[in-house]
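# return atomic coordinates for the entry below.
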Amino acid sequence: MSSHEDWPALPPLQTGLRGRCPRCGQGHLFQGFLKLRPECEVCGLDYSFADPADGPAFFVICFACVPSVFLGVWLEVQFAAPLWVHLLTTGPFMLLTCLPPLRPLKGWLVASQFFYKAEEGKVVRRALPPAPEGPKASATS
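Residues are numbered from 1 along each chain as shown. This next block holds a predicted model:
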């Protein structure tokens, strides 16, 4: 395979949101809805570096679930809506605002990890200089 320097730097938004390989921009990033492929079928980039963890779910909870909860609370306070109204309105609204953004967000996070060369933090231990000796005891006679 070609070295990393042979590929142009592609912006994470351009590749990640479309679910494309962060190196070549042509291969697919996902094997299923949220499962990453082992490697790019075009350039052979190994996707084992990618670990978005709970990042996509965090963003969805913060930005999509909150409006859904506000909708449910508003329906309840304004109209004292029965449970079936919540099931027919708030439930689908929550699904439609939470599920679709998961894949683009995960792609963006994986592409950002590649673009910025993010990796797991490591503790670097440096050798300390020898400690200075304390003041020498003076001899008293």
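# could I get the buried residue list for stretch 101-115?
101-103, 105-115 (16 or more other C-beta atoms under 10 Å). Yep, even glycine has a C-beta here, placed from its N, CA and C like the rest.
# which non-adjacent residue is nearest residue 52?
residue 109 (3.9 Å; C-beta to C-beta, 6 or more residues apart in numbering).
# element containing the one you found?
Element membership for residue 109 (DSSP states H and E) is helix 102-115.
# point out where the protein drops to low pLDDT.
In the predicted model of the chain, residues 1-5, 134-141 satisfy pLDDT under 70.
# before we move on, the earlier item: my guess is the residue nearest to residue 52 contacts residue 16. True?
Yes. Residue 109 is in contact with residue 16 according to C-beta atoms under 8 Å; the separation is 7.1 Å.
# before we move on, the earlier item: among the buried residues of stretch 101-115, which one sits closest to residue 23?
Checking those against residue 23 by C-beta to C-beta gives residue 114 as the nearest, at 6.7 Å.
# helix or strand for the closest residue to residue 86 other than its chain neighbours, which one?
Of all residues not flanking residue 86 in the chain, residue 72 sits nearest, at 5.9 Å (C-beta to C-beta, 6+ apart). Remark: residue 72 resides in helix 66-79, with elements defined by DSSP H and E.
# helices and strands around that helix, which ones?
helix 83-98 (3 or more C-beta pairs under 8 Å, 6 or more residues apart in numbering; DSSP states H and E).
# residues making contact with the helix it packs on?
By C-beta atoms under 8 Å, 6 or more residues apart in numbering, the list of residues contacting helix 83-98 from outside reads 60, 64, 65, 67, 68, 71, 72, 75, 76, 79, 81.
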